[in-house]
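# sequence first, then the predicted structure:
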Amino acid sequence: MIPPGLSIALVKGSLLAALLLSSLQPASAEYRLQAGDVVEISVAGIPELRQRVPVQLDGTIAFPLIGTLMAEGSPLSHIRSKIQSAVASKVFRLRTADGRELSRIIERDEVTATIVEYKPVFVSGDVARPGEQVFRPRMVVRQALASAGGLGPRANGTLFDAPNLRGEYVAVWLNLAREQARVWRIKTELGEKVDFDRKAIPPAPVPEATLTQILNLEVEYRITRLSDQERAKNYLQSSMKLADEQIAILSEQQQKEEQGLQADTLEVQKAREAFGRGDLPSPRVTEQRRAVLLSSTRYLQTTAQLMQVRRSRAEMARELEKIDDQHRMRLLAELQEAEVKLTAERVKLQITEEKLQLVGLRPPRSPDGSGKFDVTVFRRGVKGGDRLIVDSDSELQPGDVVEVALRSDPIQAGRQDH
């Protein structure tokens, strides 16, 4: 159990330590009024005296019962005390609904003064909507940038021009990248060992993954085309091999048919000679003639079929020889078309960039690198100067001018001589 004397000593020590700690903690400075703030002064029970008074350029405010009062540079509590002291004990005449006039003495505690509008902050530089932004207590830089539409190119043109021109630039850039990738793919199909020239197009206004996807699609297309060409060649080669087998069989069959025809012809001659000697009746001669006719027909059919197979094989051989040449001719035509389109897209991109420059915009940047920016706050009355380098979570004060600057350099459209 703690002795009473020691307990009292501990309590006193704790209180002393708390007082010392509180004295070491910096007290937040009370906000001081400045021109552009709006103060609402009201008296309880007298709606006629409720009035919003702005702090004028000369730093003064005006109120019916007190006249003009210097307010700029003073804390609100000080101004409130002055107003209460000036209005207290004054007599205000009220007129009732039935026309009677009443007198009312204003008490000090009935008078209030609050700030209802602060001097706005101004955001300029690389934001979508530069200009005046409403100030809110505890407002930080991040909130001011959000109110200004977020990061974007420095815009002197209309809000309609900015998104449309930036969208046009991105669309033309994508077409340019696609045609550049197409030219690269065709050249590799033609047998050229070339790498995709990333410097041949301007820096990407889209994530790098988009360009990678375009290249991957071209590679997949090239693989599919070459695979289809190989399948066509394999089909012709297998068809030619089958035709060779058919030719071999038909040639052997033709040889046998020819031998049979010669044998049947010889038999007919013998039958005729026997019929002439009277050793063979005429029906037998007729049968021999029919046999010769049948053998001759089979021989002609086999010969015709053999010729047809040989002709088909020759055509397939010509197709096999032409398949590579035709593929190369198609690639050369596609390359010429792609080069023309590439030049046209490059010109379109240059024109779009010039449009952006005419309205004070810069070409859009890739989201991968658009998060780096510097924020400078210009503030009146800051000790040691009125220029502060801050971050996104820094608190602002009414009247601050926020300047935002993206760190990356403007994109310049790549140009290539052909």
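Right, received. Where do you want to start? Every value quoted in this text rests on a predicted model; they were computed, and no experiment measured them.

# which residues are in contact with residue 303?
residue 254 (C-beta atoms under 8 Å, 6 or more residues apart in numbering). (Each C-beta comes from the backbone N, C-alpha and C, glycine too.)

# again with residue 320
Taking C-beta under 8 Å, 6+ apart, we find residue 320 in contact with 233, 236, 237, 240.

# try 6 Å
By C-beta atoms under 6 Å, 6 or more residues apart in numbering, the contact set of residue 320 is residue 236.

# distance check, it against residue 314.
As judged by C-beta to C-beta, to the nearest Å, residue 320 and residue 314 stand 11 Å apart.

# mind jotting down where the helices sit in the stretch 51-200 of the chain?
76-87, 141-147, 161-189 (DSSP state H, counting those that start in this stretch).

# in the longest one, what counts as buried?
Meaning helix 161-189. Applying a neighbour-count criterion of 16 or more other C-beta atoms under 10 Å, one finds 161-162, 165-166, 168-170, 172-189 buried in helix 161-189.

# residue 253: neighbouring residues, count only.
17 (other C-beta atoms under 10 Å).

# can you offset everything so residue one is 52?
Got it, first residue is 52 now, which makes that one residue 304.

# please name the nearest non-neighbouring residue to it.
residue 353 (5.2 Å; C-beta to C-beta, 6 or more residues apart in numbering).

# that neighbour - how many residues pack around it?
20.

# just the element for it, please.
helix 333-409 (DSSP states H and E).

# if we can go back for a sec, pretty sure the residue nearest to residue 304 sits against residue 307.
No - counting by C-beta atoms under 6 Å, residue 353 does not reach residue 307; the two are 8.7 Å apart.

# next one, pLDDT for the closest residue to residue 126 other than its chain neighbours please.
The shortest distance from residue 126 to any non-neighbouring residue, by C-beta to C-beta, 6+ apart, is to residue 81 (4.2 Å). At residue 81, the model reports a pLDDT of 81.

# angle of the helix holding residue 353 against helix 212-240?
140 degrees (axes from the mean of the first three to the mean of the last three C-alpha atoms, to 10 degrees).

# now whichever helix or strand comes after helix 333-409: buried residues?
Per DSSP H and E, the first helix or strand lying C-terminal to helix 333-409 is strand 424-429. Under the neighbour-count criterion of 16+ other C-beta under 10 Å, strand 424-429 has 424, 426, 428, 429 buried.

# right, so of the helices of the stretch 102-251 of the chain, which gets closest to residue 173?
Of all the helices of the stretch 102-251 of the chain, helix 192-198 sits nearest to residue 173, with 9.2 Å by C-beta to C-beta.

# which residues sit against that closest one?
Taking C-beta under 6 Å, 6+ apart as the rule, helix 192-198 contacts 172, 174, 184, 426, 441, 443, 445, 453.

# what's the local residue count around the closest residue to the third one other than its chain neighbours?
Looking back up the chat, that one is residue 184. Leaving aside its chain neighbours, residue 184 sits nearest to residue 198 (4.5 Å; criterion: C-beta to C-beta, 6+ apart). Residues lying near residue 198 (other C-beta under 10 Å) number 19.

# and the gap between residue 198 and residue 286?
Residue 198 is 66 Å from residue 286, by C-beta to C-beta.

# quick check: angle from the strand or helix carrying residue 262 to helix 333-409?
Element membership of residue 262 [criterion: DSSP H and E] is helix 259-328. Per the same axes, to 10 degrees, the angle that helix 259-328 makes with helix 333-409 is 170 degrees.

# for helix 259-328, packing partners?
The elements that helix 259-328 packs onto, with contact taken as 3 or more C-beta pairs under 6 Å, 6 or more residues apart in numbering; DSSP states H and E, are helix 212-240, helix 333-409.

# pLDDT on it, on average?
Mean predicted confidence for helix 259-328 is 86.

# could you pull up the contacting residues of residue 399?
Taking C-beta under 6 Å, 6+ apart, one finds residue 223 in contact with residue 399.

# swap that for residue 171, sorry
The neighbourhood of residue 171, defined by C-beta under 6 Å, 6+ apart, consists of 183, 184, 185, 186.

# with pLDDT added, can I get those residues in CSV?
Putting the contacts of residue 171 into CSV (pLDDT from 0 to 100) gives the following:
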residue, pLDDT
183, 90
184, 90
185, 90
186, 91
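
# helix/strand/coil for the residue nearest in space to the middle of the chain?
For the chain, the residue nearest the mean C-alpha position is residue 257 (4.6 Å; C-alpha atoms, centre = their mean). Following DSSP: H, G, I helix; E, B strand; the rest coil, residue 257 is assigned to coil.

# need phi/psi at it.
phi -130, psi 170 (degrees, to the nearest 10).

# make a PyMOL selection of the buried ones in the contacts of residue 171.
Burial among these is assessed by 16+ other C-beta under 10 Å; the matching PyMOL selection reads:
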select buried, resi 184+186
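
# let me know the closest of the contacts of residue 171 to residue 132.
residue 186 (24.4 Å).

# ok, the closest one - contacts?
Residue 186 touches 169, 171, 172, 449, counting by C-beta under 6 Å, 6+ apart.

# now the second one: closest residue in space, sequence neighbours ignored.
Spelled out, it's residue 171. residue 183 (4.6 Å).

# can you tell me how far the one you found is from residue 87?
10 Å.

# one more: residue 100?
Residue 100 is 23 Å from residue 87, by C-beta to C-beta.

# test my guess that residue 226 contacts residue 395.
No - look at residue 226 against residue 395 with C-beta under 6 Å: they stay out of range, at 9.0 Å.

# any idea how far residue 111 is from residue 168?
17 Å.

# before we move on, what about residue 398?
For residue 398 relative to residue 111 (C-beta to C-beta), the value is 61 Å.
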